[in-house]
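> Curious how this folds, go ahead:
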Amino acid sequence: MPRRPVPLRAVRTLFLERQHLATPRARTLSAGRLVRFVEDVGGLQLDSINVLDRAHYLTVWSRFGPYDRAWLDRVVYRRRLLFEYWAHAACLVPTTMLPWWRRAMLDYRVRHTGWSDWLRRNPKTLVQVKTAIASNGPMSGADFEGRRPAGAGGWWSWRPVQHGLHYLWMTGALTVHSRRHFHKRYDLLERAIPAVADVPAVSAAEFARWHVERSLHAMGAASERDLAGYLTFPRSLHAARRTALRAMLERGEIAEIAVEGAPGGWLALTRDLPALARAGRAAASSPG
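As a prediction, the model looks like this:
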């Protein structure tokens, strides 16, 4: 079947819409709009580098204009409408997507075999770190520095604890409760987000399909190379994503398109073909 031709301007226009950049700073920020934005793009990236401001604060400003940063922190760390996890890099992701990221957390335990040696050498670290947080409430890595329970050996040092906190976070035992001067404070996932107890993880196949669907939704249309470079975590998902992509093409959920002026084949969600058509007409009628 020949690929459906799509003007490049339509792809560009829909991409800007999905990234909430078509009319930047035209809408006042609200909780609903923030969640919709992060759902559309897949994740709001966090970065420890701070020149003008933290990356996620600037990203939200670029879409919505001036806003109260303390309000944003409350939405994330008190209302829990977003939570921290690894989507492309460290990101804020919507709590509505917890069933899918729960699958990534569970799979991390068995797929990231680079942890094997560390886990074998440091079994007490995980137990002691989780027990301390369960007993004391939210804690940061700095709270563990220099602390050794009676009779303990040298395992309770900064580096093992930091690795332990990261591993427990990635596997869903802990979550980022809050940040103090941008340093993470961890708590038990089920204590910070009680609803997690009623959230079953999707299957591995469902997660791979969702991963492809979310990436294509965020871009509007993409080449296979672009698709592979969006939401790159978990890295072990490449083969499963390719399998899911082929199945979605066979079922007609994804369409192959030819973008005018762009080499190679492109892909779009079949449900987005009307949106691409509308975007093309809008771009053609706009001045300049």
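> any idea how far the residue most central in space within the chain is from residue 198?
Central residue of the chain (C-alpha atoms, centre = their mean): residue 87, 3.1 Å from the mean position. Residue 87 sits 23 Å away from residue 198, going by C-beta to C-beta, to the nearest Å. Heads up, the C-betas are built off the backbone N, CA and C, glycines and all.
> again with residue 92
22 Å.
> Tell me which of those two has more neighbours.
Each of residue 92 and residue 198 has its neighbours counted (other C-beta atoms under 10 Å); residue 92 has more, 24 against 6.
> For residue 67, which three-state class applies?
Secondary structure, DSSP: H, G, I helix; E, B strand; the rest coil: residue 67 is coil.
> Name the nearest residue to it, ignoring sequence neighbours.
Distance criterion C-beta to C-beta, 6 or more residues apart in numbering; nearest residue to residue 67, sequence neighbours excluded, is residue 29 at 4.4 Å.
> same check, this time on residue 240
residue 208 (3.9 Å).
> Kindly report the same for residue 247.
Per C-beta to C-beta, 6+ apart, closest to residue 247 is residue 209, 7.4 Å.
> The one you found belongs to a helix?
Yes - according to three-state DSSP, residue 209 belongs to a helix.
> switch to numbering from 191
Got it, first residue is 191 now, which makes that one residue 399.
> my read: residue 462 touches residue 207, true?
No - look at residue 462 against residue 207 with C-beta atoms under 8 Å: they stay out of range, at 10.6 Å.
> Looking at those two, which is more packed in?
Remark: of residue 462 and residue 207, residue 462 carries more neighbours, 20 against 17, as counted by other C-beta under 10 Å.
> Report the separation between that one and residue 412.
Taking C-beta to C-beta, one finds residue 462 at 11 Å from residue 412.
> which phi and psi does the residue nearest to the centre of the chain have?
Residue 277 has phi and psi values of phi -110, psi -50 when expressed as degrees, to the nearest 10.
> now the strands: where do they sit in the chain?
Here the chain has its strands, by DSSP state E, at 194-196, 234-235, 272-276, 280-284, 329-330, 364-370, 373-378, 444-449, 456-459.
> looking at those strands, which is closest to residue 255?
With C-beta to C-beta as the criterion, residue 255 lies closest to strand 234-235 of the strands of the chain, at 16.2 Å.
> now that closest one, how far from the chain's geometric center?
Centroid displacement of strand 234-235 relative to its chain, using C-alpha atoms, centre = their mean, to the nearest Å, is 7 Å.
> strand partners of it, parallel vs antiparallel please.
Paired strands of strand 234-235, with direction, are strand 280-284 (antiparallel) (DSSP bridges).
> What are the contacting residues of the partner strand?
225, 228-229, 232-237, 246, 266, 271-275, 277, 291 (C-beta atoms under 8 Å, 6 or more residues apart in numbering).
> again, but for stretch 207-225
Applying C-beta under 8 Å, 6+ apart, the contact partners of stretch 207-225 are 203, 206, 227, 230-231, 250-255, 257, 262, 265, 269, 271-272, 284, 286, 407-410, 465, 469.
> Show the buried residues in these.
By the neighbour-count criterion of 16 or more other C-beta atoms under 10 Å, these include these buried positions: 203, 206, 227, 231, 250-251, 253-254, 257, 262, 265, 271-272, 284, 407-410, 465, 469.
> Tell me where the model's unsure across the stretch 341-478 of the chain.
Where the stretch 341-478 of the chain drops to pLDDT under 70, the residues are 341-348, 473, 476-478.
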